[in-house]
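Peer 1: how would this look folded up:
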Amino acid sequence: MSMNLEEVGYLKSTKRWLSPDDLADEYGFSKSTQSKMRMQSSNSTIPFSKVGGKYIRYSRASIDKWLEEHQVRG
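Peer 2: Residues are numbered from 1 along each chain as shown. Predicted structure coming up:
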């Protein structure tokens, strides 16, 4: 079974868990900015999980929800 490029792009964009590189590619947050946002101790801290004690992962659903909750309204 072969996949065309559109199918590969769709599968990539529907991954549940994102690495810091994935988050940078798909949402535009640099890895440096991600690190700063993880260290904040406020309600604006970006949601993340640590897997195996060292691997940072982001839930796509949590990131989408977090972005909606932190919209700037004009």
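
Peer 1: check which helices and strands the lengthiest strand in the chain sits against.
Peer 2: Assignment by DSSP state E gives strand 55-59 as the longest strand of the chain. Packed against strand 55-59 by the contact rule (3 or more Cβ pairs under 8 Å, 6 or more residues apart in numbering; DSSP states H and E) you find strand 17-18, helix 20-27, strand 49-51. The C-beta positions use only the backbone N, C-alpha and C, and glycine is treated the same way.

Peer 1: those into TSV, with extra columns for mean neighbour count?
Peer 2: Output for the helices and strands packed on strand 55-59, formatted as TSV (neighbours: other Cβ atoms under 10 Å):
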stretch	mean neighbour count
strand 17-18	16
helix 20-27	16
strand 49-51	10
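
Peer 1: can you redo the ones you listed as JSON lines with distance to residue 35 and mean pLDDT?
Peer 2: Below are those laid out as JSON lines (distance: least, Cβ to Cβ, whole Å; pLDDT from 0 to 100):
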{"stretch": "strand 17-18", "distance to residue 35": "15", "mean pLDDT": "96"}
{"stretch": "helix 20-27", "distance to residue 35": "8", "mean pLDDT": "97"}
{"stretch": "strand 49-51", "distance to residue 35": "13", "mean pLDDT": "96"}
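
Peer 1: columns distance to residue 41 on top of those, output as TSV?
Peer 2: Listed next are the helices and strands packed on strand 55-59 as TSV, based on distance: least, Cβ to Cβ, whole Å:
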stretch	distance to residue 41
strand 17-18	23
helix 20-27	20
strand 49-51	16
